[in-house]
Structures are given as C-alpha cells and as structure tokens.
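**Student:** need coordinates for the following:
(chains A and B)
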Amino acid sequence: ETGVTQTPRHLVMGMTNKKSLKCEQHLGHNAMYWYKQSAKKPLELMFVYSLEERVENNSVPSRFSPECPNSSHLFLHLHTLQPEDSALYLCASSLRTGNSPLHFGNGTRLTVT
Amino acid sequence: GQQLNQSPQSMFIQEGEDVSMNCTSSSIFNTWLWYKQDPGEGPVLLIALYKAGELTSNGRLTAQFGITRKDSFLNISASIPSDVGIYFCAGHEAGGKLIFGQGTELSVKP
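**Tutor:** Predicted coordinates:
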C-alpha cells in the first residue's frame, strides 16, 4: 500500500460522541498535516506535525485533539463536536515542512448531527 | 493574512478546447503547486514549480512559475471529460507557510 490512507472514509456522529480519524502515510515523509475542507471555502490548515512534534496549531477549538505517535501515523480525536464541524477532513504528508509539496489522503467526510 | 487570488472560479468548456487558469499573490512565493480534486477524493498533486520562470509539463498540462514570483498559470490542452474537477493552486510563502487558492471548478461538455 502506498501514499496517504485515511479511515474511515465517512463518519456520522452525534454531538455527544467521541470518535477518532486515522491517517497513515507510506511515503517516508517527516511532516504530517490535518486540513478542514468546507464547501466554497479554501482549505483550512488545522495542525502540523514535524517528526512527531506539533509545530503549528491554527487556533483550532479544543474539541479537536491531534495525536502523532510516530512519523507515519496521525490521529484526530473528536469530542462534543458541533454541526458546523461537518466537513471533509484531509490528512497530508510532506518530506519536510517548508517548501515540500503536500500529498493528500482521500479524506474523511464527517457529518455531525 | 496572505491570500491567493485564483481565477476563474468556474469554467464550462467543450471537449477538445484548451483551458487556462491562474493564481496571483500579493507577495513573493518560493514554490507554486497545482492540484486537482475529484468529487469524494483528496487533492492530487499535478505539477510542482520551484524556480521563477520555470515551465513544466505533465502530459496535456503545462504550468509556469511567474518571473515576478507572484503568479502562476496552469494550461490544459485538448480537454477531455475526465479533466472535470476542481483545480487548486498553492504556494509556499517566504516563511514556508503553504497558502491555497479557492479553486477553479472545471466542467467539460462532451
């Protein structure tokens, strides 16, 4: 398996649920990212990890909690979400932070009811 | 903050036509990247540009890094139905932050 793999592809959760999104990259990259993509909006950067250390947190509400146990895996833990959090959540990786192109997974389509 | 101006926002063309879209920024960028996103999928990297003036092709796609380092264009020649999708430009600012354009939605009529 190659590239960036995200699971699940689709997730429906209530506002009181706790769930986690998973991302795995097989590219040997050292940086991983979470983006939020809402309709008619540019991609919104949420978190950046470099060599398992969080290097950027773009004022994301605490109901989103990232975890990077190693350079190949990235999680996004979700709890007490709001309906406006419904969106496509994209994971990406790059060789390093800075001028390296990002490679994206296919995303998790999240619906909060 | 920094924004990219990507145009046009949408295009409706006939199969076989050539397509051109562009992005401009208010400051100098170190890289320009072009992505395509199909419905239900993540963005896929089409072309990466690293030097001012660089012109790179990928099949029917051609992209250029503007000489001023503040703009880039993507051309698609002889469009086909599978070219349908949303095309995003992106670029790294001088400080390394990656900025995305708002996308160009391409529709191709057979």
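
**Student:** separation between the closest residue to A:C68 other than its chain neighbours and A:D85?
**Tutor:** Once flanking residues are discounted, A:C68 sits nearest to A:Y49: 4.2 Å by CB to CB, 6 or more residues apart in numbering or on different chains. (C-beta placed from N, C-alpha, C; glycine too.) From A:Y49 across to A:D85, the span is 21 Å (CB to CB, to the nearest Å).

**Student:** swap in B:K70?
**Tutor:** 35 Å.

**Student:** looking at those two, which is more packed in?
**Tutor:** Neighbour tally, B:K70 and A:D85, criterion other CB atoms under 10 Å in any protein chain shown: the higher count belongs to A:D85, 19 against 16.

**Student:** contacting residues for that one?
**Tutor:** Applying CB atoms under 8 Å, 6 or more residues apart in numbering or on different chains, we find A:D85 in contact with A:63-64, A:78, A:110, A:112.

**Student:** then B:Q64?
**Tutor:** B:49, B:53-56, B:72-73 are the contacts of B:Q64 under CB under 8 Å, 6+ apart.

**Student:** chain A: which of those is nearest?
**Tutor:** B:L49 (9.9 Å; CB to the nearest CB).

**Student:** on that earlier part again, for ChimeraX, write the selection for the buried entries among the contacts of A:D85.
**Tutor:** Entered in ChimeraX, the line below selects the buried ones among these, by 16 or more other CB atoms under 10 Å in any protein chain shown:
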select /A:64,78,110,112
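
**Student:** can you flag which of the contacts of A:D85 belong to helices?
**Tutor:** Judged by DSSP state H, helices contain none of the contacts of A:D85.

**Student:** which member of the contacts of A:D85 is positioned nearest chain B?
**Tutor:** When the contacts of A:D85 are compared against chain B (criterion: CB to the nearest CB), the nearest one is A:L110, at 13.5 Å.

**Student:** quick one, what contacts the spatially closest residue to A:L102 that is not a sequence neighbour?
**Tutor:** Of all residues not flanking A:L102 in the chain, A:A92 sits nearest, at 4.1 Å (CB to CB, 6+ apart). By CB under 8 Å, 6+ apart, the residues touching A:A92 are A:4, A:32-33, A:35, A:102-105, B:42.

**Student:** ok, and the most crowded of the residues you listed?
**Tutor:** That'd be A:M32 among these, by other CB under 10 Å, with 28 neighbours.

**Student:** is the nearest residue to that residue once chain neighbours are set aside in a helix, a strand, or coil?
**Tutor:** Distance criterion CB to CB, 6+ apart; nearest residue to A:M32, sequence neighbours excluded, is A:L74 at 4.4 Å. Judged by DSSP: H, G, I helix; E, B strand; the rest coil, the three-state class of A:L74 is strand.
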